[in-house]
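Participant: My questions are about this predicted structure, shown below with the sequence.
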Amino acid sequence: MLGLRRPWAPSRRPRRALVVLLLALLTGATACGGFAVGGEDDTVRVYSGRHYDLEAAFQRFHADTGINVEFLFGGDAELRERLASEGADTQADVYMTVDAANLALAAEQGLFQPVESQTLTGAMPANLRDPHNRWFGLSMRARTLVYDPDEVDAQQLSTYEALTQPRWQGRVCMRNSTNSYTQSLVASLIAHHGFDRALEIVAGWVDNDVEILNSDVRIIDTVAANGSCDVGVVNHYYLARRRDKEPDLGVALMWANQNGRGTHVNVSGAGVTRHADNPQLAQRLIEWLATDGQTAFNHGNHEIPVNPDVAPDPLVAQWGDFTQDELNAQRVGALNDEAVELMSEAGYE
Amino acid sequence: MTPVIQLVGQRGRGRCRYVPRPGWRAAVLAAAAVPVLPVAVIAVETLTPSPAVWAQLWDTRLPAMLATTAALLVVAGLGTLALGTGLAWLVTAHDFPGRQTLSWLLVLPIAMPAYILGFVFLALLDHAGPAQTALRTVFGPDVWFPEIRSVLGAGVVLTLTLYPYVYLLARSAIGEHAAATVDVARTLGLSRWRTATRVVLPLARPSLAAGGALVAMETLTDFATVQYFNVETVSVGIYRIWNGMLDRGAASELAGLVLVIALALLAGERLLRGRARYHQSTGGRGVAPVRLTGWRGWLATGGCVGVLAAAVGIPTLQLLAWSGLPAWGGQAGLAQGRFVINLANSGLLAAVTAGLCVALALVVAHGTRMAGGSVTRRAARLSMVGYAVPGVILAVGVLVLFTGLDAPMEAVGLPGARPLVTGTLMGVVVAYVARFVAVAYGALDAGAERLSPSMTMSALALRASGTRVLTRVHLPLLRGGLGVAAVLVAIDAIKELPMVLLLRPFGFESLSVRVWTLAGESLWAQAALPALVIVAVSAVPVVVLFRRSTTGPGMPALAAADDSPPPHQAVGR
């Protein structure tokens, strides 16, 4: 038999290559295994697409209740994808995110479970939470107008729609269309005016040569620097933040659409995940954030509390009360993909 | 005795080849499965396209996206090839003040993530930035300035951060080949310029093609930098559809398009390498450098310093300024413990990834030679595929793959795969290896291609096993290339963001995640410090590895004789 081994039969030696490969993979696997995070029962785990000063709020929650919070920050869509893939194996008890569209879609995908809580329904107006109690708004951000008071007569500014007027030709900065703030503003236009009229408005902005910047901070910078635009559309807290550091900054804020439906607001919010290991703790965290935690949750970032019993921080309060567009956040969320399509059609970048 | 080498072909055009070894073929296939599977999962989704989305895309943005992508590829590709090759030729074939130091310093920009450089660039050069403000105060409000937020702006940033890929490979190729060949060319009367363009460049072609392919893949799959610059490539389109239209299926389909473009580019690289084979039969000793005297020398020095200043110096200074050095006392006290953990996490991830990638790449590169056959060669080429998919999409592929494996594994009584992927670091490591094995393979293969087959055949004819050829013959010759491969992967792993963000387990925070968390909300004053740490940490292996020799690692003869004086000194005397 000795001489009969066929030439193409695998010899023993090449198998060593496989051994090397397996060893390498094993090393990697061991390295991974060493980092598995064990779960404890007194801990609530949060996936969050929102991360301003959230850690401080969680520490306060821990001090108040003794419950530990572990959190994982990430992109909104990515975390939603992860939650869906993990299914029943997920470690997350709470999914928290900015923007109604993200909350609405997570609810639609069945990633939340409904929560019956008088504390929560009593803490905020109905337009800031899911009609089926799957998610709850926790903070409000207003998308509104900022301007350079040296260049702009405040009397001439009024509404988002009015930015299509010829006098604003080449003078307005807005945020890019991939940004969720822009998308939800346009979604609210669709909800109020219908698709065709909303398309005219957005196309009117484009015809007016709005300059598209990719961060609200840059928009404020550009207005402040006597740059290429005199008016910007931003979330109110970006200006509050700048004012915090530079009280004399030459940029003023105006609440948009006050003689009509009110300024467009969006929410950040949270819900209990469908496969939460600790749904009670998760509910406690959300209830705390909607009540005792409103100040900790909102003030650090100058957002507006959803709970009418809690006052906004002084920097925001100085701009005065304003009428909010009371469109339901779930509705705005549902129109989000139409908004993207519309901007695409209008040539808005 | 079974034959180890056989003669194929006929009519006097026969050539030797190794007898195929099925064990190595299995090893190559297994290694290629790591990058191929997560991509295949995504590719399968492309088989069920959503016509409505495509129709709308085609009517609106897709043609512009494709044009933008092509333009950016051309700008970054030509930019890196010109800058990388030019600098490599400058430092290998010329002598000028500071050449020794500059030769390795020029690798440093690889440590600067494009998303950080891009941000700094915009802050400095945008309308509200100091550069334009200063120009306006001097020349009035209407002074002309090129549009920074453009394909050109993004292309410049990508060129400055990616050119080292080309530079490194070109430098070692020129260093290794040039000596004897350049001497012959010069003896036969070619001018230096013609020697460079007619002899050295063609010889360096495989290396340039490999470097260019890496640059193209990085450019194609970049999300962050292009978004800063309002440059809408196809990869940005993926993100827009996923986040805006909330349609991950359609986003995956667009990712399939990116994949097709990438495969076309890789095929292009193969064409560029052509059928030509450039083997190095003897260790080179480096080109005898020409001394550039007077203003020429200083011009060369100034050019290198200028590139370094733009890519590393100025952004580092700006980050230092932002981080508010004097305020560190209080801030650092709070954050120090966390930084150490961030740093350790990034380091661990980089080390594990680099080790695994180099091991896999070695198996693929060596196995392809040992096993032969078109199946193995295709598998080897396919193992590059992870690099051709945007990181975030690859991460989703890993997620979906593990979820898919979960049920079958539980069915046979094994613990399910799903808790592993995000519950441990497994998912991150698999995704990293899937994406970066191509980087290691690119660096190794370019070196391996220059190994003369006759040497391998001699070893095989002497009855050495495939493994022994690897460990005793190829590995020592490839030592430099291995180091380059490991460092390139490690740096990529430290800089990487979207995959670790999506797949990391609770409580795992790397440096890049920290920068993202802070930078995401424009808190650059706070993000500057971890950003600096990323640059510094990535710079360390670059310095350690590349400082050692002028002509660079990947040059076997020099690596073997590290202590001998560099060749140009002998010439200088």
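Facilitator: Ah, there it is.

Participant: Spit out the contact partners of the residue nearest the centre of chain A.
Facilitator: By CA atoms, centre = their mean, chain A has its centre lying nearest to residue A:98, at 2.1 Å. With contacts defined as CB atoms under 8 Å, 6 or more residues apart in numbering or on different chains, the neighbours of residue A:98 are A:49, A:50, A:76, A:141, A:180, A:266, A:267, A:268. Yep, even glycine has a C-beta here, placed from its N, CA and C like the rest.

Participant: Among those, which lie within strands?
Facilitator: Mapping the contacts of residue A:98 onto strands (DSSP state E) picks out A:141, A:266, A:267, A:268.

Participant: Would you check that residue B:96 makes contact with residue B:298?
Facilitator: Yes - the criterion here is CB atoms under 8 Å, and residue B:96 meets it with residue B:298 at 7.4 Å.

Participant: more neighbours, the two?
Facilitator: Applying other CB atoms under 10 Å in any protein chain shown to residue B:96 and residue B:298 shows that residue B:96 carries more neighbours, namely 22 against 15.

Participant: which residues does that one contact?
Facilitator: So residue B:96 contacts B:90, B:291, B:292, B:296, B:297, B:298, B:300, B:301 (CB under 8 Å, 6+ apart).

Participant: Out of the residues you listed, name the ones that lie in helices.
Facilitator: The members of the contacts of residue B:96 that map onto helices under DSSP state H are B:90, B:296, B:297, B:298, B:300, B:301.

Participant: Now the two most distant members of the residues you listed.
Facilitator: For the ones in helices among the contacts of residue B:96, the farthest-apart pair by CB to CB is B:90 and B:298; their separation is 13.1 Å.

Participant: What backbone torsions are found at residue A:58?
Facilitator: phi -70, psi -40 (degrees, to the nearest 10).

Participant: Quick check: closest non-adjacent residue to it.
Facilitator: Among residues not flanking residue A:58 along the chain, residue A:69 sits closest, at 4.1 Å (CB to CB, 6 or more residues apart in numbering or on different chains).

Participant: that's a helix at the one you found, yeah?
Facilitator: No - under DSSP: H, G, I helix; E, B strand; the rest coil, residue A:69 sits outside any helix and is assigned strand.

Participant: was I right about it contacting residue A:62?
Facilitator: Yes - at 6.2 Å, residue A:69 counts as touching residue A:62 under the criterion of CB under 8 Å.

Participant: Buried by neighbour count, from the ones in helices among the contacts of residue B:96: which ones?
Facilitator: Buried members of those, counted by 16 or more other CB atoms under 10 Å in any protein chain shown: B:90, B:297, B:300, B:301.

Participant: Contact partners for the first one?
Facilitator: Contacts for residue B:90 (CB under 8 Å, 6+ apart) come out as B:96, B:300, B:303, B:304.

Participant: is it possible to export the residues you listed to CSV including pLDDT?
Facilitator: Shown next, in CSV, are those (pLDDT from 0 to 100):
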residue, pLDDT
B:96, 90
B:300, 91
B:303, 92
B:304, 94
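
Participant: Among the residues you listed, which pair sits farthest apart?
Facilitator: The farthest-apart pair in the contacts of residue B:90, when distances are taken by CB to CB, is B:96 and B:303, at 9.4 Å.

Participant: can you list the weak-confidence ranges in the stretch 1-150 of chain A?
Facilitator: Applying pLDDT under 70 to the stretch 1-150 of chain A flags the ranges A:1-40.

Participant: Let me see the confidence value for residue B:535.
Facilitator: For residue B:535, the pLDDT comes out at 88.

Participant: surely it meets residue B:117?
Facilitator: No - using CB under 8 Å, residue B:535 is not in contact with residue B:117, being 9.4 Å away.

Participant: Tally up the residues packed near the nearest residue to residue B:503 once chain neighbours are set aside, please.
Facilitator: Closest residue to residue B:503 apart from its sequence neighbours, by CB to CB, 6+ apart: residue B:427 at 3.9 Å. Residues lying near residue B:427 (other CB under 10 Å) number 28.

Participant: Could you verify that residue B:147 is part of a helix?
Facilitator: No - under three-state DSSP, residue B:147 sits outside any helix and is assigned coil.

Participant: show me what contacts the nearest residue to it once chain neighbours are set aside?
Facilitator: Distances taken as CB to CB, 6+ apart place residue B:153 nearest to residue B:147, at 7.2 Å, with adjacent residues excluded. Applying CB under 8 Å, 6+ apart, one finds that residue B:153 lies in contact with B:121, B:125, B:146, B:147, B:229.

Participant: ok, the third one to chain A distance?
Facilitator: Applying CB to the nearest CB, to the nearest Å, the value for residue B:146 to chain A is 14 Å.

Participant: circling back to that earlier point, switch the ones in strands among the contacts of residue A:98 over to a markdown table; also include distance to chain B and neighbour count.
Facilitator: As requested, these are arranged in a markdown table below (distance: CB to the nearest CB, whole Å; neighbours: other CB atoms under 10 Å in any protein chain shown):
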| residue | distance to chain B | neighbour count |
| --- | --- | --- |
| A:141 | 12 | 24 |
| A:266 | 14 | 28 |
| A:267 | 17 | 27 |
| A:268 | 12 | 26 |
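
Participant: Among those, which one lies nearest to residue B:488?
Facilitator: Proximity of the ones in strands among the contacts of residue A:98 to residue B:488 (CB to CB) peaks at residue A:268, which lies at 39.5 Å.

Participant: is it fair to say residue A:137 lies in a helix?
Facilitator: No - assessed with three-state DSSP, residue A:137 is strand; it does not lie in a helix.

Participant: So it sits against residue A:123, correct?
Facilitator: No - at 9.6 Å, residue A:137 does not count as touching residue A:123 under the criterion of CB under 8 Å.

Participant: Mutual contacts of these two, please.
Facilitator: Each of residue A:306 lies in contact with both residue A:137 and residue A:123 under the rule CB under 8 Å, 6+ apart.

Participant: sorry, back to before: and residue A:69 and residue A:62? which has more neighbours close in?
Facilitator: residue A:69 (20 against 14).

Participant: Just list what the helix or strand where residue B:315 lies packs against, helices and strands only.
Facilitator: In the assignment (DSSP states H and E), residue B:315 maps to helix B:314-323. Contact partners of helix B:314-323 among helices and strands, from 3 or more CB pairs under 8 Å, 6 or more residues apart in numbering or on different chains; DSSP states H and E: helix B:114-125, helix B:524-546.

Participant: Could you export those helices as CSV, including mean neighbour count?
Facilitator: Converted to CSV, the helices and strands packed on helix B:314-323 look like this (neighbours: other CB atoms under 10 Å in any protein chain shown):
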stretch, mean neighbour count
helix B:114-125, 22
helix B:524-546, 20
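
Participant: Strands along the chain, start to end?
Facilitator: Let's take chain A. A:43-48, A:68-73, A:94-98, A:112-113, A:136-147, A:172-175, A:211-213, A:231-235, A:252-254, A:264-273, A:304-305.

Participant: that answer is for a different chain, and I need it for chain B
Facilitator: With strands called from DSSP E, chain B shows them at B:5-8, B:15-18, B:94-95, B:290-291.

Participant: Now for the residue nearest to residue B:126 when sequence neighbours are not counted, how many residues are close by?
Facilitator: Leaving aside its sequence neighbours, residue B:126 sits nearest to residue B:148 (CB to CB, 6+ apart; 5.7 Å). Look at residue B:148: counted by other CB under 10 Å, it has 22 neighbours.

Participant: Residue B:148 reaches residue B:123, doesn't it?
Facilitator: No - taking contacts as CB under 8 Å, residue B:148 lies outside contact range of residue B:123: 10.4 Å.
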